[in-house]
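Visitor: take this sequence and fold it.
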Amino acid sequence: MAIGLAGAALLAWGGLSLGRNLTPLPRPPEGGTLIQGGAYRRVRHPIYSGACLAALGWALYHGRWAGLLGAAAQLLFFNAKANREEVWLTERFPEYPSYQREVAKLIPGL
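Guide: Numbering: from 1, shown residues only. Predicted coordinates:
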């Protein structure tokens, strides 16, 4: 349960850290800024990471193998989505490659 709650907290912190830059679309908004503070100091895609942790926590709490497979599939999906999103972020923000080198994509320490 702790893993799931930590994931939900990370997801929420990521959304709050984005502020007015939060959109339902993966492309950075026109006039948006590159957020590197808050949750984004720890991981480049905290909303995706939080969703994956929440799914993992749910699967472990309920003891379901299918849930673990779903959490793994979700991680693969969000990794692919983040890869595409990072192309757009690099195009929009010249400082993004430096940020990429300093901050983990989905899992701190990796």
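Visitor: what about Glu86, which helix or strand?
Guide: Using DSSP states H and E, Glu86 sits in helix 65-92.
Visitor: and the helix or strand that that helix is followed by, how far out from the chain's middle?
Guide: Counting by DSSP H and E, the next helix or strand C-terminal to helix 65-92 is helix 96-102. Relative to the chain's own centre, helix 96-102 is displaced by 15 Å; criterion: C-alpha atoms, centre = their mean, to the nearest Å.
Visitor: one step back: so which bits of the helix holding Glu86 are buried?
Guide: Going by neighbour count (16 or more other C-beta atoms under 10 Å), the buried part of helix 65-92 is Gly67, Leu68, Ala71, Gln74, Leu75, Phe78, Ala82, Glu85, Glu86, Leu89. The way it works is simple: take the backbone N, C-alpha and C, and place the C-beta from them, glycine included.
Visitor: likewise for stretch 21-29?
Guide: Pro28.
Visitor: end to end, how far does it reach?
Guide: Length of stretch 21-29, first residue to last, C-alpha to C-alpha, to the nearest Å: 7 Å.
Visitor: so how far is that stretch off the chain centroid?
Guide: On C-alpha atoms, centre = their mean, the centre of stretch 21-29 falls 13 Å from that of its chain.
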